[in-house]
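[1] sharing a sequence plus its predicted fold:
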Amino acid sequence: MDPKSGIYTTEFWLTAIANIAGAVFAILVIYGILKQEEAELWLALVQAVALAAIPIALAYTNAAYIQGRAEVKTATALKDCDK
């Protein structure tokens, strides 16, 4: 099995979310909408939510894949029984 790369890894998505959120909060600090301490707290919250949400999304995706494969194999087995 080949290792995944690029956008197919959890590391990529966690890094992307953290970088985008960091950039947004930095802009908000520059414009004076947020203080630096507030931005750091919001960034920590975004990272915590991402760390919780991504594994849940991956689990859902894996379950859907397994169910789909089971349906295909069941249909094939039933088709072979009719012969």
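    Nice, thanks for sending it over.

[2] off-centre distance for stretch 75-83?
    Taking the mean C-alpha point of stretch 75-83 and that of its whole chain, the gap between them comes to 37 Å (Cα atoms, centre = their mean, to the nearest Å).

[3] what do you get for stretch 38-52?
    From the chain centre to the centre of stretch 38-52 is a distance of 15 Å (Cα atoms, centre = their mean).

[4] for the most centrally placed residue in the chain, list the residues it contacts.
    Centre of the chain computed as the mean C-alpha position; nearest residue by Cα atoms, centre = their mean is residue 54, 3.5 Å away. Residues counted as contacts of residue 54 (Cβ atoms under 8 Å, 6 or more residues apart in numbering) are 10, 13-14. The way it works is simple: take the backbone N, C-alpha and C, and place the C-beta from them, glycine included.

[5] now stretch 32-46: average pLDDT?
    Per-region confidence: stretch 32-46 scores 93 on mean pLDDT.

[6] which of the residues in it are buried?
    Burial within stretch 32-46, assessed by neighbour count using 16 or more other Cβ atoms under 10 Å, is assigned to 34, 39, 42-43, 46.

[7] and if you look at stretch 12-21?
    Neighbour-count burial for stretch 12-21 flags 13, 17, 21 (criterion: 16+ other Cβ under 10 Å).

[8] then stretch 21-30?
    In stretch 21-30, the ones that count as buried by 16+ other Cβ under 10 Å are 21-22, 25, 29.

[9] could you grab the helix/strand/coil label for the residue nearest to the centre of the chain?
    Using DSSP: H, G, I helix; E, B strand; the rest coil as the criterion, the local structure at residue 54 reads helix.

[10] re the thing from before, of the contacts of residue 54, which belong to helices?
    Secondary structure from DSSP state H places 10, 13-14 of these in helices.

[11] quick revisit: nearest to residue 75 among the buried residues of stretch 12-21?
    Taking Cβ to Cβ as the measure, residue 13 is the one of the buried residues of stretch 12-21 closest to residue 75, at 33.1 Å.

[12] for that closest one, which non-adjacent residue is closest in space?
    Spatial nearest neighbour of residue 13, chain neighbours left out: residue 54 (5.8 Å); criterion: Cβ to Cβ, 6 or more residues apart in numbering.
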